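*Asks:* Coordinates only, no sequence provided:
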């Protein structure tokens, strides 16, 4: 069977949803290849009897596979659960799917799905949940089928069906990861999850076992507060998530008290990392980003004529220009500032030379600001192709500069960024191929790519934890992972604080039509 979406490949996966008190699907399951059982992780308050009722097996069935369970079971323990004679497929609920649409996909009745998923209803049918799909005597059809616009296809072609057999890891301690994000009605967060899950598939091939909990924490903090009180959260090895400042603050406080590494995946503005040694911030804080980019700029363009274009002294990147100008002043590197809004060909030609490179730096990252430089530069170089010129700018050019791509190459443009994807690289092609194959959709056309960020984050931190365990903080600077969209270079911010990723890219569009990008450590 073609495996797609979340095939938790020998992972134990606990999916919690903010809108339900308890999950109605097998919260923690992975299946042993060629065995007649799967594993369940015991949740707080569960008994052997309640677990047997959940999976439609007898208490004696569980005792036979788990002799020690006769003396009692503890939260967090794993039990072998015998497979029912009626086999099931597992389906992850995707955006825009409904109870009706999924039942139609498999040519089942809504009642069929609710019967085998106690607690399932239209109200509890939310994105990210895993539900069971009956495949034989539990359904009127011996083999479920998928209804598509082109007709009826066998279930093997469904893109988000989970396999019900996996190879079991042996001899490797399980790494427990909690993903705390607002998944509901948020396509970017779902894509991040999808990328993270693809990372788990590749990590599984290394023999690393992962227990992933996915918590839909919503937009506020009420659900998050309840989630952090869950018993399962007390024993995780890594927390990833939080979007808003209040959410990040709560998770940081929990991370500090429980001494659990916490990854802030998106925000660059939070200052929680300054006082919490367990925090790892991926998106470089702006002051550090600007300082590092300015230092690298002054080295790269030390011998060039440097010209800032700041119409009326303003622009949405005026703060960066201010930092860069101070860097240049401190190093006694001269520069000029143009405040005229609409530059003429004569204005730029007067600054150009065939024997000296002139680099223009706009104070705004938008398409309009870029055009105000490119148009007169085009005319100047058309008149004299020997003139030397460069542009230096911002990561937003990956989108705002789309209409000026040939000009970026012609003018030897460079921009700095925390994120960059080389779409011609074998690693990206492999990821993209797998993403399309498993999810049957394109990555969202935004910057950065959330699926890639989820993948790189999962690959880096889970492998690092597997290598260093509780000594992660002491060794993280030694761990190298060449990311697809981001490289990691974590440095501790101060004696009492956590870690920030200080790696940035300089991406250079060369006149010969190639793109060169280098990490600035």
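*Replies:* Noted; the coordinates are in hand. None of these values were measured; they are calculated from a predicted model. Numbers count the residues shown, from 1 in each chain.
*Asks:* mind checking pLDDT for the residue nearest in space to the middle of the chain?
*Replies:* Centrality entry for the chain: nearest residue to the mean C-alpha point is residue 454, 1.9 Å, by Cα atoms, centre = their mean. Looking at residue 454, its pLDDT is 97.
*Asks:* helix or strand right after the strand or helix carrying it?
*Replies:* When elements are assigned from DSSP states H and E, residue 454 belongs to helix 450-468. As assigned by DSSP H and E, the chain's next helix or strand after helix 450-468 is helix 472-475.
*Asks:* From the contact counts, what lies against that following helix?
*Replies:* helix 450-468 (3 or more Cβ pairs under 8 Å, 6 or more residues apart in numbering; DSSP states H and E). (Each C-beta comes from the backbone N, C-alpha and C, glycine too.)
*Asks:* So which other helices or strands are in contact with the helix holding residue 454?
*Replies:* Using 3+ Cβ pairs under 8 Å, 6+ apart, the elements in contact with helix 450-468 are strand 175-181, helix 187-204, strand 238-241, helix 426-439, helix 472-475.
*Asks:* just so I know, which of these lies nearest residue 121?
*Replies:* Judged by Cβ to Cβ, the one of these that comes nearest to residue 121 is helix 187-204, at 21.4 Å.
*Asks:* And the following helix or strand past the closest one, how far out from the chain middle?
*Replies:* Using DSSP H and E, the helix or strand that directly follows helix 187-204 along the chain is strand 210-216. Relative to its chain's centre, strand 210-216 lies at 14 Å (Cα atoms, centre = their mean, to the nearest Å).
*Asks:* Sheet-wise, list the partners of strand 210-216 with their directions.
*Replies:* Paired strands of strand 210-216, with direction, are strand 12-16 (parallel), strand 175-181 (parallel) (DSSP bridges).
*Asks:* next SSE after it?
*Replies:* Next element after strand 210-216 (DSSP H and E): helix 222-228.
*Asks:* So the protein: which segments form each domain?
*Replies:* 8-21+89-168, 175-284+426-503, 288-417 (automatic domain parsing).
*Asks:* May I see the buried residues of stretch 106-113?
*Replies:* For stretch 106-113, a neighbour-count test (16 or more other Cβ atoms under 10 Å) marks 106-108, 110, 112-113 as buried.
*Asks:* just stretch 415-422 next, same as before
*Replies:* 415-422.
*Asks:* Give me the distance from it to the chain's centre.
*Replies:* 16 Å.
*Asks:* So residue 249 sits against residue 271, correct?
*Replies:* No. Counting by Cβ atoms under 8 Å, residue 249 stays clear of residue 271, with 9.8 Å between them.
*Asks:* got the contact list for residue 499?
*Replies:* Each residue near residue 499 by Cβ atoms under 8 Å, 6 or more residues apart in numbering is listed here: 273, 279-281, 473, 476, 490-493.
*Asks:* Need the nearest residue in space to it, chain neighbours excluded.
*Replies:* Distances taken as Cβ to Cβ, 6 or more residues apart in numbering put residue 490 closest to residue 499, at 4.1 Å, once the chain neighbours are dropped.
*Asks:* Can you report how many residues neighbour residue 53?
*Replies:* 13 (other Cβ atoms under 10 Å).
*Asks:* Would you quantify the distance from residue 387 to residue 73?
*Replies:* 77 Å (Cβ to Cβ, to the nearest Å).
*Asks:* do residue 351 as well
*Replies:* 76 Å.
*Asks:* Inside strands: which ones of the buried residues of stretch 415-422?
*Replies:* Among the buried residues of stretch 415-422, the members found in strands (DSSP state E) are 415-417.
*Asks:* need the residues you listed in TSV with pLDDT and distance to residue 358, can you?
*Replies:* Compiled in TSV, these are given as follows (pLDDT from 0 to 100; distance: Cβ to Cβ, whole Å):
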residue	pLDDT	distance to residue 358
415	97	17
416	96	19
417	95	23
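*Asks:* before we move on, back to that, nearest to residue 400 among the buried residues of stretch 106-113?
*Replies:* residue 106 (44.4 Å).
*Asks:* Per-residue pLDDT of the residue nearest to residue 234 when sequence neighbours are not counted, please?
*Replies:* Closest residue to residue 234 apart from its sequence neighbours, by Cβ to Cβ, 6+ apart: residue 258 at 6.5 Å. Residue 258 is assigned 95 on the pLDDT scale.
*Asks:* same deal with the one 5 residues further on?
*Replies:* With respect to pLDDT, residue 263 scores 98.
*Asks:* Run a quick check on it versus residue 461, I expect a contact.
*Replies:* Yes. Using Cβ under 8 Å, residue 263 makes contact with residue 461 at a distance of 6.1 Å.
*Asks:* Give me the common contacts of the two.
*Replies:* 238, 240, 280.
*Asks:* for the second one, which residues make a bridge with it?
*Replies:* So that's residue 240. Residues in beta-bridge contact with residue 240 (DSSP bridges): residue 179, residue 263.
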